Structure formats: C-alpha cells, structure tokens
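A.B. asks: generate coordinates for the sequence data below:
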Amino acid sequence: MSDENLLHERPDTATLVQGWSASMEPLRYPVPSRLGQGADWPLRVSIEDMYDVEFRESPVDMAMAHAVPVWDWMPNSLASLQAQYDFVAAYPDRAVLCGAVDPLYHGVDGALKQMEYQVRELGARSFKFYNGHVDRSWRCDDRDLAYPLYRKAHELGVDMLQFHKGLPFGEWDVDLLRPVDLQAPAREFRDMNFLIHHLALPYFDEAVSIASRFPNVYLALSGVLNYLRVAPREVQKQIGKLLQYVGPHKLIWGSEAAMTGPPAPFLKNFMDLQIPDDLRDGYGYPQITHEDKRMILGGNMARLLGIDVPGKLRQLAATGM
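C.D. replies: Numbering: from 1, shown residues only. As a prediction, this is how the structure comes out:
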C-alpha cells in the first residue's frame, strides 16, 4: 500500500485505501512491534520486518507467504509475487510460497506460463486466485478460463488451490465472490484441495454447506479470528457452527500479518477461546479442544503440504531459528 504503488488516476483508489485502513484499525492490538503501534498503511514492510513480526514477536514456527493478484488499484498488486518470493528465499526453512495468477490479467496462456515459472523457478507450493475485480471478473467454474489453471496446477504437482471469497475490496460486486462456483471444480478435480478464505463472508452458511459436503474443500479462518478482539460473540458462534458441521480437521488458521500487526495477541485469544455453555446448549455446538486448536493452527496445513511437524521442529531447534 505504498504511495508509489497506488493508481492515483483512479477516483476510487483513495476511497479504497481510506476505507481499508479504517476497517483494519480496530483489529490491531496496541502492542510493541517493529511495525510500531499499529501498522501505517503506506509503509513498505521489509523482509526483516516480516521475519520479526512473524517469528520473533510471535510464537510462529512456519508461515505461508501469499501473493495477492489484485491490480485494480495497485500496479504491482497488493502483495507482489516478488516480495513474497524474496521473503521465502531469505527464510526457506520457515516459509513457503503461495503463488498467484489471473486468467484475465495474464491471459490464460500467460497464466499457464506464469504458473510453470512460479513452481519451477520460485518453488510455489500452492496458488491463490482472486476472481472478483472492479471492471472484469471471472467465475471459478469457467471451463475456458479457470479449468486450464487447475489442470496446470495438477500437472505441476500442486494440489492446493486457494480462493479469496467474500470480503469484497472496494466496490467489487459481492455476488461475484460467492463460493458456489467452487462446487463443480471440487467435483471434477477430486484429487485437488480447494481452500476458501475468510469463510466467504457474508456467505458464511454457503461456505459451511459446501465444506461439509465436499471432502476436498477446506475453510481458512484468515481475517475472521482477528475479530475476537472486537466481536468475540460472533466468532464463538462461527467457530461453534464450523466445529459442528465441518469439523476441526478442515479449518486453517490465517493471520493477516502484517495488516493487523503481529499474530501473537490473536494467537493468545484463540488459545483462550471457549464455546460458551449457552451456545452449546442452545445450538448443540461442541466445545473446542486443545487438539482442535493444534490442528487449526498448523496441523491441517502441514498435513496438506506433507510437512513432518516433529521433524520440522527438530530442524528449527537445531538451527537455532
């Protein structure tokens, strides 16, 4: 969100940045951090800043760095592929790369070439897609635009596909971000795993229904658990319903760092989380357990990526990282 990475000629860019900053600010904890007392939106976060925020200021062992292929307001996208790769290249034992392409921005052929480059040259372990945009959007079940990307990922040995659903940026059409267009791909590409971010809010119930019925659809809690700070009751209800219908084995933690600051206070809130008795009695929600939290905070993602958690912890301890 640096000033030089904004399309100032677009009349909606300033409004987007102001609205984004205003919506994120209540989520940030006033904790000491290399980023200061709350992140400054125009700040360019360095590799060293991110390492400190993730691994020194927070009890985090590994992270996935996501490229964000949104060029609507930012010529270098919101989180550039190069910046994410640089972070992973600097700390390969602690970070993995999630690449990103867009079949409209790159063109399908260009996107396929980019995917090959990102896996072969940059080591991408996953891809994230943003199908909603301001002017032109695409559906995730489009056989001409989307399916070639899924087939290419499979060819490259990548079986985790991630999707921004819900939470529209600026004036994106929210209905384009409904998760319903992931049902057909999940049926057709049964050996691929589909990860829906942000619980597809405001399409929460649709996301729950889909993840409860499709064995290869997972839900990421990115941007949702952060609301434990300002709306704990809402999060308790969401987690209770997710545990009841989807199961803890299909839920994935997401920190939203550095937008909301170091993950540490959010992790503490999540470890302290309990489902209140009235929600359990009134809705039949199960209580969240320590084992549930262990799976959500890393066990599930490690399983999907084939990471041996005990072995990784021994490796990090041996290297002193």
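
A.B. asks: identify all contacting residues around the helix or strand hosting residue 300.
C.D. replies: Assigned by DSSP states H and E, residue 300 falls within helix 300-305. Applying CB atoms under 8 Å, 6 or more residues apart in numbering, the contact partners of helix 300-305 are 62, 64, 96, 125-126, 160, 193, 218, 248-253, 307-309, 312. For every residue, glycine as well, the C-beta is placed using N, CA and C.

A.B. asks: what's the following helix or strand after it?
C.D. replies: Taking DSSP H and E, what comes next after helix 300-305 is helix 309-319.

A.B. asks: centre of the chain to that next one, how far?
C.D. replies: When distances are taken as CA atoms, centre = their mean, to the nearest Å, helix 309-319 is centred 25 Å away from the chain's centroid.

A.B. asks: ok, and for that helix, which residues are buried?
C.D. replies: For helix 309-319, a neighbour-count test (16 or more other CB atoms under 10 Å) marks residue 312 as buried.

A.B. asks: same check on stretch 210-222?
C.D. replies: For stretch 210-222, using 16+ other CB under 10 Å, the buried residues are 210-212, 214, 216-222.

A.B. asks: filter the residues you listed down to the ones in helices?
C.D. replies: Judged by DSSP state H, the buried residues of stretch 210-222 include 210-212 as members of helices.

A.B. asks: as a markdown table, these with pLDDT and distance to residue 81 would be great.
C.D. replies: What follows is these, written out as a markdown table (pLDDT from 0 to 100; distance: CB to CB, whole Å):
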| residue | pLDDT | distance to residue 81 |
| --- | --- | --- |
| 210 | 98 | 28 |
| 211 | 98 | 28 |
| 212 | 98 | 33 |
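
A.B. asks: same list, those residues, but as TSV with distance to residue 228 please.
C.D. replies: Formatted as TSV, those follow (distance: CB to CB, whole Å):
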residue	distance to residue 228
210	24
211	21
212	23
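
A.B. asks: hey, C-alpha coordinates of the helix holding residue 300 in CSV?
C.D. replies: Extracted C-alpha coordinates of helix 300-305, given in CSV (Å, rounded to 0.1, in the frame of the first residue of the first chain):
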residue,chain,number,x,y,z
ASN,A,300,-4.0,-29.3,9.0
MET,A,301,-1.9,-27.2,6.7
ALA,A,302,1.2,-29.3,7.5
ARG,A,303,-0.8,-32.4,6.5
LEU,A,304,-1.9,-30.9,3.2
LEU,A,305,1.6,-29.8,2.4
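
A.B. asks: thanks a lot, catch you later.
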